[in-house]
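Visitor: sequence and predicted model, in that order:
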Amino acid sequence: MEKFACNFELKPDHNAISYKGPDGSIVYSTYVGFLQHFALPNAHLFNTIVPLGEFLVGLGLILGCLTTAATFFALVMNFFYIMAGTVSTNPLCILLGVIILVAGLNAGRIGLDR
């Protein structure tokens with residue numbers, strides 16, 4: 001809820017756009033194209049979608065409703081964060097998300113899914 005209250009704002013981060021690998025090539029060039037040509041021109045849209053998506057994923061995982069869908073979208077968001085150059089705890093979150101997805105039927109055994 002903090003992002004709703006604190007007015008989350010997508011700001012152009014040119015470090016993510018110009019992130020280069022050891023050989024000098026742009027890392028995740030397709031994602032750079034997505035950032036340059038879609039995300040940044042539509043920043044007002046992403047200022048709403050990102051905090052709302054994070055809130056809904058968290059709510060789905062906490063309540064246990066649509067667990068598989070919430071985990072899938074949490075993984076998608078984590079991959080986007082990694083491709084944007086943010087590492088932090090995202091690889092661990094991806095590993096935990098894959099474990100939840102692989103669990104399949106048991107992932108929603110307790111909660112609102114059943």
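Guide: That came through fine.

Visitor: every contact and neighbour count from this point should use C-alpha atoms.
Guide: Noted.

Visitor: quick one: the helices in the chain, in order.
Guide: 2-5, 14-17, 29-34, 43-63, 67-83, 90-103 (DSSP state H).

Visitor: just name the most buried of those.
Guide: helix 67-83 (a mean of 19; mean count of other C-alpha atoms under 10 Å).

Visitor: what sits up against that helix?
Guide: 28, 31, 54, 56-58, 60-61, 87, 90-91, 93-94, 97-98, 100-101, 104, 107-108, 113 (C-alpha atoms under 8 Å, 6 or more residues apart in numbering).

Visitor: what's the angle between that helix and helix 90-103?
Guide: 150 degrees (axes from the mean of the first three to the mean of the last three C-alpha atoms, to 10 degrees).

Visitor: for Leu40, the count of nearby residues, please.
Guide: Residues near Leu40, counting by other C-alpha atoms under 10 Å, number 16.

Visitor: quick check: it vs Phe34, distance?
Guide: Taking C-alpha to C-alpha, to the nearest Å as the measure, Leu40 and Phe34 are separated by 9 Å.

Visitor: equivalent analysis for Thr89, please.
Guide: In terms of C-alpha to C-alpha, Thr89 sits 23 Å off from Phe34.

Visitor: Leu95 now?
Guide: Distance from Leu95 to Phe34, by C-alpha to C-alpha: 25 Å.
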